[in-house]
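S.K.: can't give you the sequence, but here's the structure:
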């Protein structure tokens, strides 16, 4: 949970040419976050003086704030080529690289800024942001301290220091710093939002919601506050609170520790699964543990979507989320509801195929990943990927239904051999020994089927991997290519 971009509204470049009154007006618009009006003025200046450095820098800054990645990349590259010894050229380049998720080159650009101008606080702010994105909390704190030693009142370094302190587990110190920053700038939207995140980490969802709403009243487009308000609203549902605590905890860990936690949880799940069938107290506990792990795993995937689906039915939810976002969440909820219902029917009637329940739940995975993408273009492409998964899922269902039809004669033959008439209209009750015999025969038949078709991956496994790992890989490609 970190600030995604800089906190430098109205950054005034050190101009290489005399200040144009139009330029002053444009940067006033930037300060007010009226970027479209600022862009028009910068473009007017560049029309008469194509290489005007401050106008190029200002136009690039607007592109960064508006998250126009291609435009920011182009303008920053042109500025660096035209003015390679100007620190603001490299600062804009670093901002553009960070926006495009190229952290290594963003850090290199910030180091170049420090070499050209050691007193440029923006370089330390950018380095802190890169460190935060890499979950290197102590490194981020050190960069912020360096920036604050130059300008103790710099809001960007102050706010990123709050984030790094909070994520490193120093919640009390982060809270004090956030409170002090808010006292200095009570009308600052980012300071309010940062204080809200601190309250959310402390489990104070109501107070966090109040702070996020205050931030959005001041700055309705503040994405940091929007994300926080959505989390605070989700936390109003009891089932989402443990999911939120888990997500906040995982966000504090480095990528290596996150992988370790997930792998460790999976290994414990496998151990529990192997012990779950034993008729002992340990086996019962293992079964409970496996079920709890599965439920928690599903909640980490879909808890936010279920909370959003319920939120979409309320007046506040309709105000916070767009119609398309609400439909997306409700679609995921519908798939989950169908899946759980089908699994319940299968539990009571084994002649149903379990695929009826598993397929909708797995189809919800690429939709969930798509909901976290930034642009509607990438969301639509992920929706197309989900349609491909749906086609494969229908094939899985058809194949599983065919397998059930094929195994029925095997079961009937085994019942006949035990002296039981499978066509009898009366309910057939089997002893434990007979039930074990039928199960063993079915297992033998399934093994024979596997040997006949070879040892390659089953269609079910391919479908599961495509929906889970495949959707994450595809989302990564979309983020790299289009976001």
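M.R.: Received, thanks. Computed from a prediction, not measured in an experiment: that's the story for all the values here.

S.K.: Where do the helices of the stretch 251-400 of the chain begin and end?
M.R.: Assigned by DSSP state H, counting those that start in this stretch, the helices in the stretch 251-400 of the chain fall at 255-275, 281-312, 315-320, 323-348, 355-371, 376-417.

S.K.: Out of those, flag the one nearest residue 184.
M.R.: Closest to residue 184 of the helices of the stretch 251-400 of the chain is helix 315-320 (C-beta to C-beta; 28.8 Å). For the C-beta atoms, the positions are set from N, CA and C on the backbone; glycine is no exception.

S.K.: Which secondary structure state is assigned to the spatially most distant residue from the centre of the chain?
M.R.: Residue farthest from the centre of the chain, counting by C-alpha atoms, centre = their mean, is residue 419 at 58.1 Å. Recorded secondary structure, residue 419: coil (DSSP: H, G, I helix; E, B strand; the rest coil).

S.K.: quick one: it and residue 413, what's the gap?
M.R.: Counting by C-beta to C-beta, to the nearest Å, the gap from residue 419 to residue 413 is 12 Å.

S.K.: One more: residue 41?
M.R.: Distance from residue 41 to residue 413, counting by C-beta to C-beta: 85 Å.

S.K.: And for residue 229?
M.R.: Residue 229 sits 63 Å away from residue 413, going by C-beta to C-beta.

S.K.: again, but for residue 386
M.R.: Using C-beta to C-beta, residue 386 is found at 41 Å from residue 413.

S.K.: still on that earlier bit, roughly how far does the residue farthest from the centre of the chain sit from residue 364?
M.R.: Residue 419 is 46 Å from residue 364, where distance means C-beta to C-beta.

S.K.: for this structure, which residue is closest to the average position?
M.R.: residue 372 (5.0 Å).

S.K.: contacting residues for that residue?
M.R.: Neighbour list for residue 372: residue 475 [criterion: C-beta atoms under 8 Å, 6 or more residues apart in numbering].

S.K.: re the thing from before, with mean pLDDT added, can I get the helices of the stretch 251-400 of the chain in TSV?
M.R.: Putting the helices of the stretch 251-400 of the chain into TSV (pLDDT from 0 to 100) gives the following:
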stretch	mean pLDDT
helix 255-275	59
helix 281-312	68
helix 315-320	70
helix 323-348	85
helix 355-371	88
helix 376-417	84
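
S.K.: winner for burial among those?
M.R.: Per residue and on average, the most neighbours among the helices of the stretch 251-400 of the chain fall to helix 355-371, with a mean of 22 (mean count of other C-beta atoms under 10 Å).

S.K.: which other helices and strands contact that one?
M.R.: Other helices and strands packing on helix 355-371, by 3 or more C-beta pairs under 8 Å, 6 or more residues apart in numbering; DSSP states H and E, are helix 281-312, helix 323-348, helix 376-417, helix 459-465, helix 471-482.

S.K.: ok, now with 6 Å
M.R.: helix 323-348, helix 376-417, helix 471-482 (3 or more C-beta pairs under 6 Å, 6 or more residues apart in numbering; DSSP states H and E).

S.K.: got the ones you listed as a markdown table, with distance to residue 172 columns?
M.R.: Converted to a markdown table, the helices and strands packed on helix 355-371 look like this (distance: least, C-beta to C-beta, whole Å):
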| stretch | distance to residue 172 |
| --- | --- |
| helix 323-348 | 35 |
| helix 376-417 | 39 |
| helix 471-482 | 35 |
